[in-house]
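Trainee: got a predicted model here, sequence first, then my questions.
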Amino acid sequence: MTAAEFGATAWGRAWLRTIESTAASAPNAQLPQARRIARGGAVTFTGVSVGRVDAEVAAKQKAHAVTIEVPRWDDAALARVREVLGSAGLGDAGASGDLPDAPVAELQGAGIAVAATPAECGATCTCTSRRTPCLHHLATVYALVQLIDEEPALAVRLRSDDSVAVVSAGPGSPERPDWITLSEVDPASFYG
């Protein structure tokens, strides 16, 4: 059996289920094309922070700006998230961005949604589609699922506030000395 392309972790699967719901009355015809766009690397994240995802999606020789406003957990849910992650002893694991799958089931069992559905999120796209969510929004969610699979702590960062210590800073930030932005590399000295 091959590894899952989207939703390889429980954190990513929670987000994947928001657009690939088994409760849907009919399949969404846009999903295969949205997967293809995400798989092809046509989604570029321009910002991922607490409560917000900004991306640019290139499709059919046009670029569309997508913004997704993710609702944050309320104070009670946030306290429970801190408790679950703290009881799992996720100090160092969370700093690297890696989280085990077990807390997802515990949070869902407590009635806390790890991911937000498209209906719960505020989303804008520069395309002219009348469908909600549009193809570019769906492609952004698929690419976000892949990003969350690589760094599960991102799923917590999106729905929490800045006080949750388990959240990693993300690639290219000063808090992550193991990552540097490409613009900081001098090609002459690197290859010379």
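Mentor: Okay, I see it.
Trainee: flag the helix or strand of the protein with the lowest per-element mean pLDDT.
Mentor: Between all helices and strands in the chain, the lowest mean by mean pLDDT, DSSP states H and E belongs to helix 91-95, at a mean of 49.
Trainee: buried residues, the longest helix anywhere in the chain. List them.
Mentor: Secondary structure assigned by DSSP state H gives helix 135-150 as the longest helix of the chain. By 16 or more other Cβ atoms under 10 Å, the buried positions in helix 135-150 come out as 135-149. Bear in mind the C-beta positions are built from the backbone N, C-alpha and C, glycine included.
Trainee: which one of these is nearest L85?
Mentor: Comparing these against L85 with Cβ to Cβ places I148 closest, at 15.4 Å.
Trainee: where do the strands of this protein begin and end?
Mentor: 43-49, 52-59, 62-69, 122-125 (DSSP state E).
Trainee: other SSEs contacting the second one?
Mentor: Read it as strand 52-59. In terms of contacts (3 or more Cβ pairs under 8 Å, 6 or more residues apart in numbering; DSSP states H and E), strand 52-59 is packed against strand 43-49, strand 62-69, helix 135-150.
Trainee: what angle do strand 43-49 and the second one make with each other?
Mentor: Right, the one you point to is strand 62-69. Compare the direction of strand 62-69 with that of strand 43-49 by axes from the mean of the first three to the mean of the last three Cα atoms, to 10 degrees and you get 30 degrees.
Trainee: pLDDT at H136, what is it?
Mentor: The model reports H136 with a pLDDT of 97.
Trainee: confidence score at the residue most central in space within the chain?
Mentor: In the chain, the residue lying closest to the centroid (Cα atoms, centre = their mean) is L144, at 3.6 Å. On pLDDT, L144 comes in at 97.
Trainee: can I assume it is in contact with W15?
Mentor: Yes: using Cβ atoms under 8 Å, L144 makes contact with W15 at a distance of 6.3 Å.
Trainee: any idea how many residues pack against G86?
Mentor: Neighbours of G86 under the rule other Cβ atoms under 10 Å: 14.
Trainee: what do you get for G47?
Mentor: Neighbours of G47 using other Cβ under 10 Å come to 9.
Trainee: so it touches V53, yeah?
Mentor: Yes: between G47 and V53 a contact is recorded at 7.4 Å, counting by Cβ under 8 Å.
Trainee: remind me which residues of the protein are low pLDDT?
Mentor: For the chain, applying pLDDT under 70 flags the ranges 1-3, 90-96, 162-180, 192.
Trainee: can you give me the end-to-end span of stretch 119-139?
Mentor: In stretch 119-139, first residue to last residue: 16 Å (Cα to Cα, to the nearest Å).
Trainee: and stretch 5-21, by the same measure?
Mentor: Start-to-end, stretch 5-21 (Cα to Cα) is 17 Å.
Trainee: quick one: L147 and A153 touch, right?
Mentor: No: at 11.0 Å, L147 does not count as touching A153 under the criterion of Cβ under 8 Å.
Trainee: re earlier: would you list the strands of the chain in TSV and tack on distance to V84?
Mentor: Formatted as TSV, the strands of the chain follow (distance: least, Cβ to Cβ, whole Å):
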stretch	distance to V84
strand 43-49	22
strand 52-59	23
strand 62-69	25
strand 122-125	27
